[in-house]
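*Asks:* The sequence and its predicted three-dimensional model are supplied below.
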Amino acid sequence: MRTLISTFGEGDDQKVLEAMRRLPYDRLVLIGNDKIEESASLRMITAVEELAGQKVGLEVVIDSGFMGLVDEIATILVRYSRNPGTGERANVLINISGGSKILGDAALLAAFSAGVEACHCDNGLTMLPVLRGATAIDRFTPSQVRFIRLLGERFVPLDDLAPRLDSQSRQAAERVMRELRKLGLLKTMIDNGRIMVALSDTGSEVSRALRRQAGS
C-alpha cells in the first residue's frame, strides 16, 4: 500500500489536492494540530476522497516546540512505514508544504530520521534530499551509534566512556568523538585537564531517532 502523508492546516486544500494529482497513493493521511479537525479545508479534502471511496486518515500533533514536533511526526512516519501484518517496510511519502513553517521543517527532519521520502508540493513538485529506507541508524557506524547512545545532554568525561565502548582503546574513543563532533552532534569542553563530551541539540535528536529505530 502506498501512503501519502501531508502536513496540513486551514487553507491548504489546494496544496494537498495538487499532491494528490501528482503523486500515486492508495491512502491519504494528514498531519496537523487539533484545529484542523473542524476546518473547511479538511471537509473539502474528505469529500474528494469519499468520491473515490476512500477515507482520509488524520494525525493530530501537539505544538510542543520544534524538537517535540519532530519526535511526534517521526513516530507517525515509522508507524506508517511498517506493514502491521508482516513488519515489512511500506511505501510512504510525505509532502511538507502544508501547515505552519515549523510543522513543515519538523516534518522534513522527521523524514530524514525515519528514512522516508519527502517532497514539497505547491505550484510544482519538488522532491527533497531524503534517502528512502536510509534510517538514522543506517547513517552511522556501529561505533558511532554506541558512542551516541552512551551520551546525554550533560557533559561526561571521555575517559569514562572509553571502557564502555566494547573495550575499545582511548585512541579509538577519541577518533569516534572527532567524527561525531565534525558532524555537529557533540559538544566538547576541557575541565581540569579532562575532555568532557555531551550531545548537541542535533545530537540529541539523532539519539532519539536511533531509539525509535531500535524499537521499530
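*Replies:* That came through, no problem.
*Asks:* what pLDDT does the residue nearest to E10 when sequence neighbours are not counted get?
*Replies:* Spatially, and ignoring its direct neighbours in sequence, E10 is nearest to S39 (4.4 Å; C-beta to C-beta, 6 or more residues apart in numbering). C-beta here means a position set from N, CA and C on the backbone, and glycine is covered the same way. The model reports S39 with a pLDDT of 92.
*Asks:* The most centrally placed residue in the chain and Q14, how far apart?
*Replies:* In the chain, the C-alpha nearest the mean C-alpha coordinate belongs to A110, at 1.5 Å (C-alpha atoms, centre = their mean). For A110, the distance to Q14 equals 24 Å [C-beta to C-beta, to the nearest Å].
*Asks:* can you check G124 too?
*Replies:* Relative to Q14, and taking C-beta to C-beta, G124 is found at 13 Å.
*Asks:* Could you do D26 as well?
*Replies:* Counting by C-beta to C-beta, the gap from D26 to Q14 is 22 Å.
*Asks:* Between those two, which has more neighbouring residues?
*Replies:* Q14 (14 against 10; other C-beta atoms under 10 Å).
*Asks:* Okay, and that one sits in which element?
*Replies:* helix 13-22 (DSSP states H and E).
*Asks:* and A198, what does it touch?
*Replies:* Residues in contact with A198 (C-beta atoms under 8 Å, 6 or more residues apart in numbering) are L151, G152, E153, R154, F155, V156, L186, K187, T188.
*Asks:* For the spatially closest residue to the last one that is not a sequence neighbour, give its distance to V60.
*Replies:* Looking back up the chat, that one is T188. Residue nearest to T188 in three dimensions, not counting chain neighbours: V197, with 5.3 Å by C-beta to C-beta, 6+ apart. Separation of V197 from V60 (C-beta to C-beta): 37 Å.
*Asks:* R208 too?
*Replies:* 20 Å.
*Asks:* These two: who's more crowded?
*Replies:* R208 (17 against 13).
*Asks:* That one contacts D71, correct?
*Replies:* Yes - between R208 and D71 there is a contact under C-beta atoms under 8 Å: 5.7 Å.
*Asks:* could I get whichever strand or helix holds R181 in PDB with only the CA atoms?
*Replies:* Using DSSP H and E, R181 sits in helix 170-182. Output of helix 170-182 as PDB, limited to C-alpha atoms (Å, rounded to 0.1, in the frame of the first residue of the first chain):
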ATOM      1  CA  ARG A 170      41.100   5.600  24.400                       C
ATOM      2  CA  GLN A 171      42.500   6.400  21.000                       C
ATOM      3  CA  ALA A 172      39.500   4.800  19.300                       C
ATOM      4  CA  ALA A 173      37.100   6.700  21.500                       C
ATOM      5  CA  GLU A 174      38.900  10.000  20.600                       C
ATOM      6  CA  ARG A 175      38.600   9.100  16.900                       C
ATOM      7  CA  VAL A 176      34.800   8.500  17.200                       C
ATOM      8  CA  MET A 177      34.400  11.700  19.200                       C
ATOM      9  CA  ARG A 178      36.200  13.700  16.500                       C
ATOM     10  CA  GLU A 179      34.000  12.200  13.800                       C
ATOM     11  CA  LEU A 180      30.800  13.000  15.600                       C
ATOM     12  CA  ARG A 181      31.900  16.500  16.600                       C
ATOM     13  CA  LYS A 182      32.700  17.200  12.900                       C
END
